[in-house]
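S.K.: What follows is a predicted structure for the sequence shown.
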Amino acid sequence: MSETTILDEHEETLSELKALFTEAGFGAPEVFGCAPGRVNVIGEHIDYNGGLVLPAAIDRWVRVAMSRRSDGKVRLISAQSTDAMVEFSVSVDLAPEGKSWGNYVKGVVAGLLKEGIEVPGFDAVVNSTVPVGGGLSSSAALEAVFGKMILTLIGVEMEDIALAKLCQKAEHDFAGVPCGLMDQAAVILCEEGKLLMLDCVDDSFQHASFDDPDWGLLIINSCVSHELSDGGYAARRDACHEAARILGVDTLREVDPAKLEEVLQTPGLTEEMRRYVRHVVTEIARTLETVKVLSERDYKRAGELLNASHASLRDDYRVSCVELDFIAALAQKQEGVAGCRMTGGGFGGSAIALVRRDCVDTLTALIEERYRAEFGIEPKIFETRPMGGARAWMA
Ligand code: ADP
Ligand code: MG
């Protein structure tokens, strides 16, 4: 990864964005904005169990240039989409249409209007380095950057957490994805050199330091996605909720990890529920401990926790796959890797490793070679450190 700061990098990319804006016939941009993708460091499959998640914003960005229109029309172009220009008019009756990426922007406009904010028409061009549909939350980044930019264009302030919830609602209502708050919170609230500890019980959050210049996060995209025929996600969520009911708690967050073995003997729990409960309860404990040991720069212990998280997701929660298991096992053995785990919902997608930055090049080459030899697939690997969240500024 280059050593350029975010702002330098923006300067390099701004001229490209301006050129795209002019080529589109939009004239000169009035506002620029960017929002990062995100990765979850630890705390997997516990958001719907009252747990904690620990995402970081990554060094991959959705960048946008925008200017105001006086006729209430919105015209959108994306360098990453083959769609022709997306067009709609700002109105209280906005509704999603088909699978267009413009739905994410519409959803944000609709949310702002609902807050009583007078959104003008605008032209905008998108250029992004966040892989689309790669589990790094390009959709939340898109929502966040438009939210920030529209507010900046009209000089209206909104609290970041309120904007995150507005973007989450856009994703629910305009993209049909019933997600938790993690993605939108991460891409808006993250700070440079920090992880975001988001408590899914009440959406409260804290920032946890991870700013050692010698250590970074390696994201290894397996480039596979195994569709689940049995509705794996919903089945697990329902089983966790049923287990909580049997245990007499609102969420599995309330189970004391010190009493786990005893709790697992509760009559009525199936063998499957016992495995799920064990994952959830131990993962919540691991997430809390990871925050603590990272702040102490105890990478050995942080790595052990990541490895244990992977094993738990593989053996107890059973959401890994051969490709992710291969990557995790291989990475965990290498010099300079404190730990490695799958990240995201599972059954494909990416793994994340906590790495010493001087080992990144060797490690990347090795994983690429071995993964290609094993599966005939080219993985996509990049290093990042925690970045700041979405922002917008006048040109
Ligand atoms: P993820 O958020 O993991 O990347 P999603 O399926 O939630 O995957 O969101 C991907 C969708 O977001 C795309 O199908 C597209 O509609 C929209 N999107 C993301 N980035 C862009 C972009 N640069 N240009 C146009 N649409 C984008
Ligand atoms: Mg998404």
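M.R.: Received, thanks. Ligands and ions are numbered 1, 2, ... in the order given.
S.K.: What helices and strands are in contact with the helix or strand containing Phe205?
M.R.: Using DSSP states H and E, Phe205 maps to strand 204-209. If you count contacts as 3 or more C-beta pairs under 8 Å, 6 or more residues apart in numbering; DSSP states H and E, strand 204-209 packs onto strand 194-199, helix 271-295. No exception for glycine: its C-beta is placed from N, CA and C like everyone else's.
S.K.: Relative to ligand 1, how far out is Ser89?
M.R.: 20 Å (C-beta to the nearest ligand atom, to the nearest Å).
S.K.: ok, what's across the strand from that residue?
M.R.: Lys73 (DSSP bridges).
S.K.: okay, now it: neighbour count?
M.R.: 11 (other C-beta atoms under 10 Å).
S.K.: how near is it to Ala95?
M.R.: 12 Å (C-beta to C-beta, to the nearest Å).
S.K.: ok, and for the helix or strand following the strand holding Phe205, which residues are buried?
M.R.: Scanning forward in sequence from strand 204-209 by DSSP H and E, the next helix or strand is strand 215-225. Across strand 215-225, burial judged by 16 or more other C-beta atoms under 10 Å covers Trp215, Gly216, Leu217, Leu218, Ile219, Ile220, Asn221, Ser222, Cys223.
S.K.: so which of the residues you listed are also by ligand 1?
M.R.: For ligand 1, no contacts are drawn from the buried residues of strand 215-225 by C-beta under 6 Å from any ligand atom.
S.K.: rewinding a little: highest mean neighbour count out of the helices and strands packed on strand 204-209?
M.R.: strand 194-199 (a mean of 22; mean count of other C-beta atoms under 10 Å).
S.K.: any idea of the angle that strand forms with strand 204-209?
M.R.: Here strand 194-199 runs at an angle of 150 degrees relative to strand 204-209 (axes from the mean of the first three to the mean of the last three C-alpha atoms, to 10 degrees).
S.K.: now for strand 194-199, which elements pack on it?
M.R.: Under the contact rule (3+ C-beta pairs under 8 Å, 6+ apart), strand 194-199 is packed against strand 52-53, strand 55-69, helix 182-189, strand 204-209, helix 271-295.
S.K.: Met342 and Arg314, how far apart?
M.R.: Applying C-beta to C-beta to Met342 and Arg314 gives a distance of 8 Å.
S.K.: and these two? which has more neighbours close in?
M.R.: Set side by side, Met342 and Arg314 show more neighbours around Met342, with 28 against 20, by other C-beta under 10 Å.
S.K.: Now do the contacts for the more buried one.
M.R.: Contacts for Met342 (C-beta atoms under 8 Å, 6 or more residues apart in numbering) come out as Glu44, His310, Leu313, Arg314, Val319, Ser320, Leu324, Ala328, Gly349, Ser350, Ala351, Ile352.
S.K.: Tell me the buried residues in the stretch of helix or strand Val105 belongs to?
M.R.: In this structure, Val105 sits in helix 102-114 according to DSSP H and E. Neighbour counts using 16+ other C-beta under 10 Å place Gly102, Asn103, Tyr104, Val105, Lys106, Gly107, Val108, Val109, Ala110, Gly111, Leu112, Leu113 of helix 102-114 among the buried residues.
S.K.: ditto for stretch 368-387
M.R.: Result for stretch 368-387 [16+ other C-beta under 10 Å]: buried residues Tyr371, Phe375, Pro379, Ile381, Phe382, Glu383, Thr384, Arg385, Pro386, Met387.
S.K.: how about the closest residue in space to the second one that isn't next to it in sequence, secondary structure?
M.R.: Translated: Phe375. The shortest distance from Phe375 to any residue other than its chain neighbours is 6.0 Å, reached at Glu323 (C-beta to C-beta, 6 or more residues apart in numbering). Following DSSP: H, G, I helix; E, B strand; the rest coil, Glu323 is assigned to helix.
S.K.: Pull up the gap between Glu323 and ligand 1, please.
M.R.: Per C-beta to the nearest ligand atom, Glu323 is found 18 Å from ligand 1.
S.K.: now swap in Gly248 and tell me
M.R.: Taking C-beta to the nearest ligand atom, one finds Gly248 at 36 Å from ligand 1.
S.K.: Count the neighbours of that residue for me.
M.R.: 8.
S.K.: And it, how close does it get to Leu264?
M.R.: Following C-beta to C-beta, the distance that separates Gly248 from Leu264 is 14 Å.
S.K.: try Val62
M.R.: 43 Å.
S.K.: Name the residue in the two with the higher neighbour count.
M.R.: Using other C-beta under 10 Å, the more surrounded residue of Val62 and Leu264 is Val62, with 29 against 17.
S.K.: and the residue of the chain positioned farthest from its centre, which of the three is it?
M.R.: Centroid-distance maximum for the chain: Pro267 at 37.3 Å, with C-alpha atoms, centre = their mean. Following three-state DSSP, we place Pro267 in the coil state.
S.K.: Return the backbone torsion pair for it.
M.R.: The phi and psi values for Pro267, taken as degrees, to the nearest 10, are phi -60, psi 140.
S.K.: Could you measure from it over to Met273?
M.R.: 12 Å.
S.K.: Likewise for Leu294?
M.R.: Distance from Leu294 to Met273, by C-beta to C-beta: 31 Å.
S.K.: For the nearest residue to Thr343 once chain neighbours are set aside, which residues are in contact?
M.R.: In space, Thr343 comes closest to Ile352 once its chain neighbours are excluded; the distance is 4.4 Å by C-beta to C-beta, 6+ apart. By C-beta under 8 Å, 6+ apart, the residues touching Ile352 are Val39, Asn40, Val41, Leu217, Leu218, Ile219, Ile220, Leu306, Cys340, Arg341, Met342, Thr343.
S.K.: try it again with 7 Å
M.R.: Contact analysis of Ile352 by C-beta atoms under 7 Å, 6 or more residues apart in numbering lists Val39, Val41, Leu217, Ile219, Arg341, Thr343.
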